[in-house]
Every structure is written in structure tokens, then in C-alpha cells.
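1. I would like to see how this sequence folds:
(one chain, ligands or ions: 1)
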Amino acid sequence: MGNANTKLEPEKPSAPPDPLIVLVSSLNDAVDALQKVLQVRQLPAFELDSPIPHPLDSGLPDPVSWFARKAIVGLCSKIIATVESPAERALVLSNAWLIPVALNVVIESEPPVVDLIAETGEIGATVTSLAGKTGIDAAKLRSILRVLTSESFFKEITPGRYVLNRPSSVLVTGNAIGDLVSFTSGPSMRGGSVLSKALRHDGLPAGDKYEETVFKQTAFQLYHQKALYPWLMENPRYLTRFHRGMTQLELYMDPGISCDYPWEELGESVTLVDVGSGRGGLTMTLLKRFPKWKAVLQDRAEALSAIREFWEKEATDIVDADRVSFLAQDFFQVTSLRATDDSHYVFMIKNVLHNWGDEHCLKILRNLGPAAAPGSTLLVCTYMPAIPQPDEKHITVKEYFDGISGKDMREIQEMHLPIPEPLWADWGYGNAYETRSGAAMTGLLNAAGRDIYDLRNLLSAASWEVASSTQMRSAASMIKAIKLQPAPLPN
Ligand SMILES: C[S@@+](CC[C@H](N)C(=O)[O-])C[C@H]1O[C@@H](n2cnc3c(N)ncnc32)[C@H](O)[C@@H]1O
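-> Just a heads-up that it's a prediction; the model follows:
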């Protein structure tokens, strides 16, 4: 029998879990989820050293692998930040400019170092031969290449001998990503170097006449003495590569837009007004899918002939059936379209608002007014950081992937799952592309990344009310807004 006088010891509170262990076990859970998909779909393992792309590197991935890769990238980055000495981390990252600079060296040297390495296949190129062909000093080139190998671009198979691997394979000449990186790692990066100065000068009028009406001084302009678009016009080599890269970017970064949004809910006979349409590739896909849909592609007058040409070639039937019209419309002027009883306009602004500051976005939105009857729908497709809602429950990485396993994208959207702990906002580094694209627009165009709260405010100032925000297998999200009734006039 126990002693009735024995006092029960109060239970010791359990020690909080070791954060590193939590991160690593979450990482294991995300890797497990990804491996299961590879097994079920009989896909090969991810490899770093082979330059052959993995089937999931482009095209539409299944939802679990889309989110698992984000989680793995985010968790690995947090694991590094947890164990690395803060002093070392701050010093290393403050020198991170070396990464774009080194990328620029291998892409822009003549001939490009990346192409020379690619040509040598598995044998690899020695730094001495690369130096001989490009005229760059061998010791300096090796030190630049080692910046890249430490970021897993290229593999140094024996001291001073380099082969192409999967990450570096997209840099070769002719690849759309290499095209974009030549701009982002060069002219854009140089412009960014004076961003802190430009931010202090925010508000000064721009010197360039064209830009005076549109922008304040951007970092790009401060550095290059020309704003972005006029600069691109004067640098046709970059213009061509930039344009080629942008038109193919969707394949890599936004594969899910056309199938992850519930387009059919917009109705059977819709006229999609694509504002700042560019070539209007998504609109073309939708018109091919919905035979009763029509479209108005709106862009600058100078852009229209190339747009029309693209449609005449790729969607001859739709052009011949008059289901598409091409409207020269400056979106800073009031639209020439008018709402009528049978217009059925649905407006779409895709990848446009992130280029502009609030003042200009408001003009674009308000200028749609005469065409947008109360109750009309507007879809804004834009890069948006994922931020947690204040009342969101916390779930683990395992709970997240158990929850979405076997579900399609629509079912996942309806679950409204929060980003799992310990990743929190933006999947940590997992959504770095989205976050950085927003900030890059500050350097290039004096715009800024917007989250859902910013967009809600912006849209509401132009009498559009946000109805939903849809997560897609895309760097962009789709925000649906409804045109409000005009406020009654005061008595
Ligand atoms: C980043 S692109 C986006 C193109 C397309 N919406 C997409 O998602 O691929 C921006 C588009 O806005 C157009 N644009 C720029 N300024 C404009 C203006 N003032 N009026 C109308 N369109 C304009 C450009 O010609 C270009 O097609």
C-alpha cells in the first residue's frame, strides 16, 4: 500500500521541442510525400549532377509534388539559417551580389562559359581551356566558378574541371531562362545596386520625358540614365532575349493557371476583356476550351499587329469566326468599351498590376468603369506573397501532406489549408520567386509587391470588391473581384 502522506510531485513541464529536430522531421515528412508521388507516378529520382531535366521541371506537376518541393526548399533554408553562425550568414549574404555577377560572367562571356562547358559533356572543361577561349584570367575565372559551384550551378569533378549539371543546364544560350537571367543578373542587378539611393530620392521627377508622366525616378533609371522600356528599346539584344524569356516563362513558373482556376464558373457565353493582354496566350487557351466565349484583347496600338499575327497563326478558326477582336487601348485612358445588356464582359488583368505603383493601378482599374456594369467580374492574376490569416489554425507539415494526398487541385483549394508550421508565410524560402519578383519591380519600375490586403484596398478604391483569392500551381494567384453598385448620391 502506498503511503497516504506521500506528496505527489508536480509534473515537470516537458521541454519545448528542439527547433532543429522539428525542422528536420518536417523536412523528412515533405520528402516522404514527394517520394511517394515519384513512386506512384513511376517518375525518376531527382538528380543534381545530371544535366537532364526532371519530368517535373516544367509542365504541370501534380499538386503534392508542387507543394512538397516548396516545403523542402523552405525547410532546407530554415535549417541552414538555424545552424549557421549569424555573423557568417550576414557576411555571406551581404556578398550575395556575387551570385548574379558570376551567373552573368558565365552567360555573357564571349563565347559563353556555360556553352563551352556544355559542349564538353561528361568529360568537362578545364578552367585553363575556358580561360584560353574567353580571355578571362584562369585564376579569377576559377574563383568565380566556385561561387557558382557552391550554389550548385555546375559540378567541379576534379580540381579546375567543370561539367554541366541540372541547375546550370537552363543557362545555356537559347534557353528561355538563360535569356531572362542575362537580364536579371546584368542590367537589372546593376540597377538594383542603387536601390537604397533611389528609395531616398523617391518623389523626384524622372528626367526622361516619356517617363515623366508615368514614373518617379527608379533605381534602374538612376543607374542607367534611362528608364526600363526606353533602355530596352536601345538595347535590342536584351530586348529580344527578355521578350523570348517572358513569353516562355509561364511554362516553368505558371503551369497551372489554365486548369486550376474554375473558369467554367464564369458562364457559358462570356466576353473576356484581356487588359494589357500581350499575346493573350491564356485567353487563347480558354477560347479553344469554351466554344461560346469571345475575347477583346486590349494593348498598346504599337503592340497589336504582332498580337494579331500570333492569333492568325495559332487560332485561325477563332479569328475567322470573329470571336476575338484586337483593341488599341491605352489603359491609362478611359476604355472605349461600353457595358450593354448583352456585353457579358469579364475583365482580366494578368501580370500587369505588379508593374505599376498604386496611383497607376488605380487609373487602370477606374478606366474600366464605363464597360463594367455593377456585378461584373474582374480577375486579377498577379504574383502575391502567401501570408497567414490572423485566425488560421496551425498544422504540421505531415498533417498538410496527409490532408492533400490523393486530392486534386480544386479539392485542395476548397480545404483552405494554412501553410504548415514551421514554414509560415510564403513557405519560407519556398516562394522566394514570388517575393523577389515583387521587390525586383521596385528597382525596375517603382512598383512594389502586394499581398491580399494591399490588393483588397486597391480594388476597393476603384469600387471592386474582392470575392475570392485562388491558389494555383503558379507563381501567380487569381483574385476575383465584383464591381460594386455606385454609391447613391448624397441628398
Ligand atoms: C508584363 S506584360 C503582361 C502581358 C500579359 N497580360 C501576360 O500575362 O502575359 C504587360 C503588358 O501591358 C501592356 N501595356 C503596357 N503599357 C500599356 C498601356 N499604357 N496601355 C495598354 N497596355 C499597356 C504591354 O504592352 C504588355 O503587353
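
2. around the ligand, which positions in the stretch 251-400 of the chain sit nearby?
-> 276-278, 299-300, 303, 330-332, 350-352, 355 (Cβ under 6 Å from any ligand atom). Backbone N, C-alpha and C define where each C-beta goes, glycine included.

3. would you list the buried entries among those?
-> 276-278, 299, 303, 331, 350-352, 355 (16 or more other Cβ atoms under 10 Å).

4. in a markdown table, list these along with secondary structure.
-> Below are those laid out as a markdown table (DSSP: H, G, I helix; E, B strand; the rest coil):
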| residue | secondary structure |
| --- | --- |
| Gly276 | coil |
| Ser277 | coil |
| Gly278 | coil |
| Asp299 | strand |
| Ala303 | helix |
| Phe331 | coil |
| Lys350 | strand |
| Asn351 | coil |
| Val352 | coil |
| Asn355 | helix |
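
5. which one of those is nearest to Ala30?
-> Ranked by distance to Ala30 (Cβ to Cβ), these are led by Asn351 at 29.0 Å.

6. show me where the stretch 251-400 of the chain has its helices.
-> Applying DSSP state H, counting those that start in this stretch to the stretch 251-400 of the chain gives helices spanning 257-260, 281-289, 304-314, 316-320, 358-366, 397-404.

7. would you list the ones you listed in CSV and tack on mean neighbour count?
-> Listed next are the helices of the stretch 251-400 of the chain as CSV, based on neighbours: other Cβ atoms under 10 Å:
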stretch, mean neighbour count
helix 257-260, 21
helix 281-289, 19
helix 304-314, 14
helix 316-320, 13
helix 358-366, 17
helix 397-404, 19
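
8. quick one: those as JSON lines, columns for distance to Val37 and mean pLDDT too.
-> Putting these into JSON lines (distance: least, Cβ to Cβ, whole Å; pLDDT from 0 to 100) gives the following:
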{"stretch": "helix 257-260", "distance to Val37": "17", "mean pLDDT": "94"}
{"stretch": "helix 281-289", "distance to Val37": "26", "mean pLDDT": "95"}
{"stretch": "helix 304-314", "distance to Val37": "33", "mean pLDDT": "96"}
{"stretch": "helix 316-320", "distance to Val37": "36", "mean pLDDT": "98"}
{"stretch": "helix 358-366", "distance to Val37": "38", "mean pLDDT": "94"}
{"stretch": "helix 397-404", "distance to Val37": "10", "mean pLDDT": "97"}
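
9. how far does stretch 468-488 sit from its chain's centre?
-> Put simply, stretch 468-488 sits 18 Å off its chain's centre (Cα atoms, centre = their mean, to the nearest Å).

10. so for it, mean pLDDT?
-> Per-residue pLDDT over stretch 468-488 has a mean of 89.

11. check which residues of it are buried.
-> For stretch 468-488, by 16+ other Cβ under 10 Å, it's 469-484.

12. quick one: is that stretch near the ligand?
-> No - against the ligand, stretch 468-488 shows no contacts by Cβ under 6 Å from any ligand atom, the least distance being 8.6 Å.

13. low pLDDT regions in this structure?
-> 1-8, 10, 201-216, 487-491 (pLDDT under 70).

14. settle this for me: Ala33 is touching Gly403, isn't it.
-> No - using Cβ atoms under 8 Å, Ala33 is not in contact with Gly403; the gap is 10.5 Å.

15. what's the helix or strand hosting Gln39 in contact with?
-> In this assignment (DSSP states H and E), Gln39 forms part of helix 19-40. Helix 19-40 has contacts (Cβ atoms under 8 Å, 6 or more residues apart in numbering) with 43-46, 62, 64-65, 68-69, 71-72, 75-76, 78-79, 82-83, 396-398, 401, 405, 420-423.

16. and the helices in the stretch 51-200 of the chain, which stretches?
-> Assigned by DSSP H, counting those that start in this stretch, the helices in the stretch 51-200 of the chain fall at 63-83, 86-94, 98-108, 113-119, 127-134, 138-149, 166-169, 176-183, 189-192, 195-200.

17. the ligand is nearest to which of those?
-> Counting by Cβ to the nearest ligand atom, the ligand lies closest to helix 176-183 out of the helices of the stretch 51-200 of the chain; the figure is 12.6 Å.

18. between that closest one and helix 98-108, how many degrees?
-> 110 degrees (axes from the mean of the first three to the mean of the last three Cα atoms, to 10 degrees).

19. from the contact counts, what lies against helix 176-183?
-> Applying 3 or more Cβ pairs under 8 Å, 6 or more residues apart in numbering; DSSP states H and E, one finds that helix 176-183 contacts helix 98-108, helix 236-253.

20. so for the last one, what gets flagged as buried?
-> Meaning helix 236-253. Buried residues in helix 236-253 (16+ other Cβ under 10 Å): 238, 241-242, 244-246, 248-250, 252-253.

21. got the CA positions of that helix in PDB?
-> The C-alpha atoms that make up helix 236-253 are tabulated as PDB, following Å, rounded to 0.1, in the frame of the first residue of the first chain:
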ATOM      1  CA  PRO A 236      17.900  45.200 -78.900                       C
ATOM      2  CA  ARG A 237      20.000  42.200 -77.900                       C
ATOM      3  CA  TYR A 238      18.500  42.400 -74.400                       C
ATOM      4  CA  LEU A 239      15.100  43.300 -75.700                       C
ATOM      5  CA  THR A 240      15.000  40.100 -77.800                       C
ATOM      6  CA  ARG A 241      16.200  37.900 -75.100                       C
ATOM      7  CA  PHE A 242      13.900  39.500 -72.500                       C
ATOM      8  CA  HIS A 243      10.900  39.100 -74.700                       C
ATOM      9  CA  ARG A 244      11.700  35.500 -75.600                       C
ATOM     10  CA  GLY A 245      12.200  34.700 -71.900                       C
ATOM     11  CA  MET A 246       9.000  36.300 -70.800                       C
ATOM     12  CA  THR A 247       6.900  34.600 -73.400                       C
ATOM     13  CA  GLN A 248       8.100  31.100 -72.200                       C
ATOM     14  CA  LEU A 249       8.200  31.900 -68.500                       C
ATOM     15  CA  GLU A 250       4.700  30.600 -68.000                       C
ATOM     16  CA  LEU A 251       5.700  27.100 -68.900                       C
ATOM     17  CA  TYR A 252       8.100  27.000 -65.900                       C
ATOM     18  CA  MET A 253       6.500  29.300 -63.300                       C
END
